[in-house]
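K.L.:
got a sequence here, can you build the structure:
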Amino acid sequence: MRLITLAPGLLMALSFASATADPLVAPPKQPPLSVWRADASDDLEHLQSGLVCPARFDAYKRTNSVVYDAVGLDVSCNYAAELEDVTVYLTRVAPLNVDAFYREAKGALEQARKEKHPRIISETHSIDNGLTWETAVYAEDIDIHSAVWIANLDGWLLEYRATYPSAAEQAVRADISSFTALVQKSAGARLALCAHSTAPDRPGAPITDRKSLEGMAMMSALFGAEALGAAKRGKAEPTPPAIWCVEGAVDGSPPLLDWRAVHADGSDGAADQVSAATMESPPVLVVAPDSLLAITNGASQSAPTPWVATTSRGDTTWVVGYFAGRPSAEMASRLFADVLNGKAKPLVGYSVKGGNVTISMAPDH
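P.N.:
Numbering: from 1, shown residues only. Have a look, this model is predicted:
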């Protein structure tokens, strides 16, 4: 977790765009937009889990947010009050062995604060806010306590580390409970939904026939432009926003993260996406079924519905690939990596400005 240092991946420009995105190396107080979203109050939302780190919480002020890995699956927010310091860590771990990480957390605290001569004074196993906790409290020099709390939050490791005057022991325990209520309200709700949803079947295979791809791309551009125009005119049927669940990380240059969509009831959202790790707004590949294309092509009911892969740059949506059926996360990630590194070219692009539709033909292959 926090002891691992990863070299940043170089994010190449999209082959059909001139701009590049910066690699994920966050200077102080500049959270990467592929990991954190800030609102007008400077509250931060962790995109991968839904965790909210408010700028202020009770007597505490957030002093920093940190990303420890390449894609935002290991993060923390630090808080300071007058004499207390609390850090909230959230890490996606598979498989998650709470006992092993509890031992690791104790060892890390003892090593980090060895000059303060920490001596363990209590260990407890408890339940609070619906989570089972392992807690160790240490006494240090000059009447200071430090402590670690570890719990399993639907497959993510939730950890607190705190330092405070010994006289504030009960107050800090109450503060930790308040922090946990906040975590449960934000990340807990999302992660429970994702953990209890059913993973979809992914039998899809890439469509590679050039003639078929060209015809499908043109139809997708026409259908997509019409849908964009209807949305801008307010004529499109409103759809609830997708809830995105992290599937896993993909090593490479750039590092990528796979997601799948679910509905609020936990049912399949019939869409996937792949995002890149960047300081600015990340490029995203969206993979979704194109049922209109299937109808237009006269596909038999037994034939798999084509899934189309698109990515956007500015006002233009680019079609970059097709699959016969829903592809695996590995297939989608491989395609997006090739797009980002210039190995795969877009098939067609489309945009709508005002009442004008622009179809951008594919570059030569």
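K.L.:
so A225 sits against G355, correct?
P.N.:
No - with contact defined as CB atoms under 8 Å, A225 does not count as touching G355 (11.3 Å). Where you see a C-beta, it was placed from the backbone N, CA and C, and this is true even at glycine.
K.L.:
the more surrounded of the two?
P.N.:
Using other CB atoms under 10 Å, the more surrounded residue of A225 and G355 is A225, with 18 against 8.
K.L.:
ok, residues contacting the strand or helix carrying that one?
P.N.:
Applying DSSP states H and E as the criterion places A225 in helix 210-232. Contact with helix 210-232 is made by 207, 236, 290, 292-293, 296-297, 306, 308, 310, 317, 319, 322, 347-352, 355, 357, 359, 362, as judged by CB atoms under 8 Å, 6 or more residues apart in numbering.
K.L.:
filter those to the buried ones?
P.N.:
Buried members of the contacts of helix 210-232, scored by 16 or more other CB atoms under 10 Å, are 207, 290, 292-293, 306, 308, 310, 317, 319, 322, 347-352, 357, 362.
K.L.:
so which of those are in strands?
P.N.:
P306, V308, T310, T317, V319, Y322, V348, G349, Y350, S351, V352, V357 (DSSP state E).
K.L.:
which secondary structure element of the protein has the lowest mean pLDDT?
P.N.:
Lowest by mean pLDDT, DSSP states H and E among the helices and strands of the chain is helix 291-296, with a mean of 67.
K.L.:
quick one: K185 is in a helix?
P.N.:
Yes - counting by DSSP: H, G, I helix; E, B strand; the rest coil, K185 is part of a helix.
K.L.:
how close does the nearest residue to it once chain neighbours are set aside sit to K345?
P.N.:
Nearest in space to K185, with sequence neighbours left out and distances taken as CB to CB, 6 or more residues apart in numbering, is V52 at 7.8 Å. Separation of V52 from K345 (CB to CB, to the nearest Å) stands at 40 Å.
K.L.:
neighbour-wise, which of those two wins?
P.N.:
Set V52 next to K345 and count neighbours by other CB under 10 Å: V52 wins out with 18 against 15.
K.L.:
how many other residues sit next to E104?
P.N.:
17.
K.L.:
got the contact list for D201?
P.N.:
R326.
K.L.:
confirm it sits in a strand?
P.N.:
No - membership of D201 in a strand is not supported by three-state DSSP, which gives coil.
K.L.:
so it versus S328, what's the distance?
P.N.:
10 Å.
K.L.:
likewise D272?
P.N.:
9 Å.
K.L.:
how about A80?
P.N.:
44 Å.
K.L.:
again, but for A59
P.N.:
48 Å.
K.L.:
ok, L182 next?
P.N.:
Distance from L182 to S328, by CB to CB: 36 Å.
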